[in-house]
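**Q** sequence below, structure please.
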Amino acid sequence: MRFIFDLDGTVIDSTHRLGDTLDDWRRMNTPDNIAADGELPLFDQMLDAINDNLDVIVCTSRVMGKADFEWLQAHGVDGITILCRANGDDRNCGFFKLSLLHDYARSLGMTWARFRRTSIMFDDSIEVQNTLKSVGLRVIDPVNYNLNIRSA
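**A** Below is the predicted model of the structure:
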């Protein structure tokens with residue numbers, strides 16, 4: 001089984017960097033703000049899966065920079081596949097992630113049918129959930145899990 005994790009709103013609390021637009025997000029995407037990101041409860045589950053040598057990948061809409069990779073490494077996320085956005089790619093998140101995952105499956109020599117049967121994704125975006133579920137990928141919304149564990 002392959003476990004696919006989104007970052008923001010799923011395993012990482014980056015709400016202090018939110019704005020009204022993608023341009024606001026990009027403006028707030030500074031090394032100091034990234035360093036202030038926190039872990040959501042599902043982050044521990046992702047780390048457990050990594051430490052158990054399970055097949056874990058990150059699929060994020062972020063344009064990952066040096067500070068992002070340093071934050072992940074400092075928090076124990078190292079040596080896994082990270083699928084992310086290239087500069088200038090402004091596709092909506094659902095279509096963007098579907099495209100990334102299709103390409104990733106192909107790179108593994110897998111059909112989409114096999115990939116989706118052997119994968120579970122955790123993503124807080126309703127758009128991403130709807131897009132990926134519409135093509136048969138199991139997507140779990142982590143919002144309630146993170147809220148319930150955090151308040152326990």
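**Q** only C-alpha atoms from now on, for both contacts and neighbour counts.
**A** Will do.
**Q** around E39, how many other residues sit close by?
**A** E39: 17 surrounding residues under other C-alpha atoms under 10 Å.
**Q** phi, psi of the closest residue to it other than its chain neighbours?
**A** Leaving out its chain neighbours, the residue that sits closest to E39 by C-alpha to C-alpha, 6 or more residues apart in numbering is I12, at 4.8 Å. With angles defined as degrees, to the nearest 10, I12 sits at phi -120, psi 130.
**Q** quick one: I12 from R62, how far?
**A** Between I12 and R62 the distance, using C-alpha to C-alpha, to the nearest Å, works out to 12 Å.
**Q** hmm, back to that, ok, the residue nearest to E39 - contacts?
**A** In this structure, I12 makes contact with D37, G38, E39, L40, F43, judged by C-alpha atoms under 8 Å, 6 or more residues apart in numbering.
**Q** from those, which land in strands?
**A** With strands defined by DSSP state E, the entries of these inside them are G38, E39.
**Q** who wins for most neighbours among the contacts of I12?
**A** Using other C-alpha under 10 Å as the neighbour definition, those reach their maximum at L40, which records 23 neighbours.
**Q** test my guess that it contacts N146.
**A** Yes - contact status for L40 versus N146: in contact at 6.3 Å, counting by C-alpha atoms under 8 Å.
**Q** joint contacts of the two?
**A** Taking C-alpha under 8 Å, 6+ apart as the contact criterion, the residues that touch both L40 and N146 are T10.
**Q** against which helices or strands is the longest helix seen in the chain packed?
**A** Secondary structure of the chain read by DSSP state H shows that its longest helix is helix 93-107. Of the remaining helices and strands, those touching helix 93-107 by 3 or more C-alpha pairs under 8 Å, 6 or more residues apart in numbering; DSSP states H and E are strand 55-59, helix 112-117, helix 126-133.
**Q** now that helix and strand 55-59, what's the angle there?
**A** Between helix 93-107 and strand 55-59, the angle comes out at 140 degrees (axes from the mean of the first three to the mean of the last three C-alpha atoms, to 10 degrees).
**Q** now do the buried residues in helix 93-107.
**A** Burial within helix 93-107, assessed by neighbour count using 16 or more other C-alpha atoms under 10 Å, is assigned to C93, G94, F96, K97, L98, L100, L101, Y104, A105.
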